[in-house]
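**Student:** Coordinates for the following, if possible.
(one chain, ligands or ions: 3)
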Amino acid sequence: MLHKLTGLYAITPEGDTKTLLKQCTAALEGGCRLLQYRDKMAAPKDQLTRARLLRQLCDDFDCKLLINDNLALAATVQADGVHLGQSDTPLLQARDALGSDALIGITCHGNLALANAAHKGGADYLAFGRFFHSNTKPNAVAAELGVLAQARGQFNKPLVAIGGINLDNAHQVINAGAHMIAIGGALFGQANIEQTARQFCRLFEPSRKNGISP
Ligand SMILES: Cc1ncc(COP(=O)(O)OP(=O)(O)O)c(N)n1
Ligand SMILES: Cc1nc(C(=O)O)sc1CCOP(=O)(O)O
Ligand SMILES: [Mg+2]
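**Tutor:** Numbering: from 1, shown residues only. Ligands and ions are numbered 1, 2, ... in the order given. Next up is the predicted model:
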């Protein structure tokens with residue numbers, strides 16, 4: 001089945017391997033079908049172990065696995081793709097390394113010129129944010145909600161909203177045009193991750209028609 005780039009996009013928290021696996025299992029049981037392994041702290045060998053375990057877990061749930069920043073890790077564990085920021089590996093280099101089937105997402109902050117470059121360079125989705133205060137990344141560049149509607153008008157491509165999104169404010173970015181909501185703390189910081197994932201997924205039920213196939 002062609003994966004629809006729509007709905008909940010979970011961003012993993014920092015922590016030990018066992019906790020990470022438990023948290024991600026709960027998110028996938030709650031319906032999440034797009035997971036980004038983002039780990040700024042662990043040693044490379046632990047990152048490899050975790051990425052391998054997440055690959056296995058995602059296979060069990062038919063969930064796409066993307067790796068943040070690290071192209072080599074993505075290739076080694078046969079992840080479905082990578083998420084790259086403006087200071088990470090350039091998009092064209094990543095595409096050359098991972099091939100045409102890889103999902104590559106690009107951080108565009110609130111900047112349509114960056115989005116245009118990513119669009120022309122063949123990004124599979126464009127990520128905008130942060131839209132709200134983020135405890136995970138407090139110094140992330142802020143973006144205006146209006147950029148989502150502008151991007152909808154300019155690019156026929158899946159759009160991700162990220163940064164401080166929770167169950168109370170998610171409707172704002174969805175109504176503004178986001179196809180996917182990337183969530184860290186408001187998912188993995190909850191006592192019941194499975195139920196919270198289900199609640200985020202439900203936000204997309206009335207607007208499934210907006211899903212764009214990669
Ligand atoms: C879906 C999504 N959007 C944006 C980011 C941020 O990427 P980047 O700017 O490279 O910052 P770090 O995540 O590397 O701190 C993301 N990871 N995912
Ligand atoms: C990794 C990341 N990038 C951001 C950006 O704006 O580029 S905000 C962010 C953190 C996302 O986690 P939370 O849902 O806890 O805010
Ligand atoms: Mg990065």
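
**Student:** Now do the contacts for the residue in the chain positioned nearest to ligand 3.
**Tutor:** Relative to ligand 3, the nearest point of the chain is residue 85 (3.4 Å; C-beta to the ion). In this view, the C-beta of every residue, glycine as well, is placed from N, C-alpha and C. Contact analysis of residue 85 by C-beta atoms under 8 Å, 6 or more residues apart in numbering lists 69, 106, 107.

**Student:** Isn't the last one up against residue 84?
**Tutor:** Which is residue 107. Yes: using C-beta atoms under 8 Å, residue 107 is in contact with residue 84, at 7.0 Å.

**Student:** In contact with the nearest residue to residue 166 once chain neighbours are set aside, which residues?
**Tutor:** Spatial nearest neighbour of residue 166, excluding adjacent residues (C-beta to C-beta, 6 or more residues apart in numbering): residue 186 at 3.7 Å. Residue 186 is in contact with 164, 165, 166, 167, 196, counting by C-beta under 8 Å, 6+ apart.

**Student:** now those residues in JSON lines, with secondary structure?
**Tutor:** JSON lines is the format used below for the contacts of residue 186 (DSSP: H, G, I helix; E, B strand; the rest coil):
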{"residue": "164", "secondary structure": "coil"}
{"residue": "165", "secondary structure": "coil"}
{"residue": "166", "secondary structure": "coil"}
{"residue": "167", "secondary structure": "coil"}
{"residue": "196", "secondary structure": "helix"}
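
**Student:** Which of the residues you listed are buried? Put it as a PyMOL command.
**Tutor:** Selection of buried members from the contacts of residue 186 for PyMOL, criterion 16 or more other C-beta atoms under 10 Å:
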select buried, resi 164+165+166+196
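
**Student:** Tell me the one among the contacts of residue 186 nearest to ligand 1.
**Tutor:** residue 165 (10.7 Å; C-beta to the nearest ligand atom).

**Student:** per-residue confidence for the closest one?
**Tutor:** Residue 165 carries a pLDDT score of 98 in this model.

**Student:** what do you get for residue 214?
**Tutor:** 41.

**Student:** quick revisit: and the residue of the chain closest to ligand 3, how far from residue 48?
**Tutor:** Separation of residue 85 from residue 48 (C-beta to C-beta, to the nearest Å): 21 Å.

**Student:** Enumerate the residues of this protein near ligand 1.
**Tutor:** 36, 38, 68-69, 83, 85, 88, 105, 107, 127, 137, 160, 162, 182 (C-beta under 6 Å from any ligand atom).

**Student:** Let's see which of these end up in strands.
**Tutor:** Assignment to strands by DSSP state E places the following of the residues of the chain next to ligand 1 there: 36, 68, 83, 105, 107, 127, 160, 162, 182.

**Student:** Nice, that's everything, thank you.
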